[in-house]
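1. what would the 3D arrangement of this be:
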Amino acid sequence: MNQQPNIRQTRLKKGIYILPNLFTTASLFMGFYSIIASIQGKYFLAAIAILVSLVFDGVDGRIARITNTTSKFGAEYDSLADLIAFGVAPSLLAYTWAMFFDGKLGWMAGFLFLACGALRLARFNIQIGLIDSKYFNGLPIPAAACVIATTVIFFDHIGFEGTFHNPYYCILILVVILALLMVSNIKYYSFKKMNLRSRIPFKILLIAIGIFLIFYYKPEIMAFVIILGYAISGPLWWVLKFIQKLRKKDLNIDEPKQAS
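-> From the prediction side, this is the model:
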């Protein structure tokens, strides 16, 4: 008789939360559509699909937190959807668009991006609650995927339609760098603790309005610049911190000499 409550407590809960998982499914669908578009040679549409997938991926987690419908199932489903939408889809897009001409090196670079993306997601899942949520440990896989997507959109905007014969393996090198940044320990700002309700200087508001107007006028260029800037921000931040450490060491060495 005493064992009956324990058996009921250990039973798996039936059913899933429908609303956040619908958005996760929409993100997965757009990732799959991007794959189909890449195979058909519709590279611009494939890139747009990745960006739309990013929007759905950002919405599902927020809805789950707002409606208090977070679950372990949703977290695992979200990671699997991310691997398709931001791992398989961008690597295939980069390969069919520009790295196909690089032979074995092309598909090896595409696989490296996919493998590093999978490792990035696995590491992120086990580090939840262990590291400061204010920062990402390594370049997030959605950001890496969006660098590839906005690169395709940017080159399409300046007149490179169809496949891109990239000189000096430039796209291949970009994909490899993005892959390595994902599995690095370089910190990236997550924007999760950004307080939009706090007061800001008037100049900041003017700058934000200016960026919005420029983005509206040339979204193909500004999206590429903003996403690429975010990818570069991590290494730049690391270099600045490294220089500061060197300066502090130099100051510590000089102080005893001055005292003597």
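
2. okay, CA-based contacts and neighbour counts for the rest of this
-> Noted.

3. would you map the helices across the stretch 101-250 of the chain?
-> 104-127, 141-157, 170-182, 202-217, 219-259 (DSSP state H, counting those that start in this stretch).

4. do you know which of those helices lies nearest residue 84?
-> Residue 84 lies closest, by Cα to Cα, to one member of these: helix 104-127, at 9.1 Å.

5. now for that closest one, which elements pack on it?
-> helix 72-83, helix 89-97, helix 141-157, helix 170-182 (3 or more Cα pairs under 8 Å, 6 or more residues apart in numbering; DSSP states H and E).

6. which of those helices is buried the deepest?
-> Each of the helices and strands packed on helix 104-127 was scored by mean neighbour count; the highest is helix 89-97, a mean of 27, by mean count of other Cα atoms under 10 Å.

7. contacts for that one next, please.
-> Residues from elsewhere that reach helix 89-97 (Cα atoms under 8 Å, 6 or more residues apart in numbering): 31-32, 34-35, 38-39, 41, 43, 46-47, 50, 106-107, 110-111, 113-114, 145, 148-149, 162-164, 171, 175.

8. equivalent analysis for stretch 181-192, please.
-> So stretch 181-192 is contacted by 116-117, 119-120, 133-141, 144, 233-235, 237-238 (Cα under 8 Å, 6+ apart).

9. filter those down to the buried ones.
-> Buried by 16 or more other Cα atoms under 10 Å: 116-117, 119-120, 136-141, 144, 233-235, out of the contacts of stretch 181-192.

10. can you list those residues in JSON lines and add distance to residue 213?
-> Output for the buried ones among the contacts of stretch 181-192, formatted as JSON lines (distance: Cα to Cα, whole Å):
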{"residue": "116", "distance to residue 213": "36"}
{"residue": "117", "distance to residue 213": "33"}
{"residue": "119", "distance to residue 213": "38"}
{"residue": "120", "distance to residue 213": "34"}
{"residue": "136", "distance to residue 213": "29"}
{"residue": "137", "distance to residue 213": "32"}
{"residue": "138", "distance to residue 213": "31"}
{"residue": "139", "distance to residue 213": "28"}
{"residue": "140", "distance to residue 213": "27"}
{"residue": "141", "distance to residue 213": "28"}
{"residue": "144", "distance to residue 213": "25"}
{"residue": "233", "distance to residue 213": "23"}
{"residue": "234", "distance to residue 213": "26"}
{"residue": "235", "distance to residue 213": "28"}
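
11. tabulate the helices and strands packed on helix 104-127 (a markdown table), appending distance to residue 190 and mean pLDDT.
-> Compiled in a markdown table, the helices and strands packed on helix 104-127 are given as follows (distance: least, Cα to Cα, whole Å; pLDDT from 0 to 100):
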| stretch | distance to residue 190 | mean pLDDT |
| --- | --- | --- |
| helix 72-83 | 17 | 91 |
| helix 89-97 | 21 | 97 |
| helix 141-157 | 11 | 96 |
| helix 170-182 | 14 | 96 |
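
12. mind putting those helices into CSV with distance to residue 202?
-> As requested, these are exported to CSV (distance: least, Cα to Cα, whole Å):
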stretch, distance to residue 202
helix 72-83, 38
helix 89-97, 39
helix 141-157, 29
helix 170-182, 35
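
13. nearest to residue 204, out of those helices?
-> Closest among those, using Cα to Cα: helix 141-157, at 24.4 Å.

14. what angle do that closest one and helix 219-259 make?
-> Relative orientation of helix 141-157 versus helix 219-259 (axes from the mean of the first three to the mean of the last three Cα atoms, to 10 degrees): 130 degrees.
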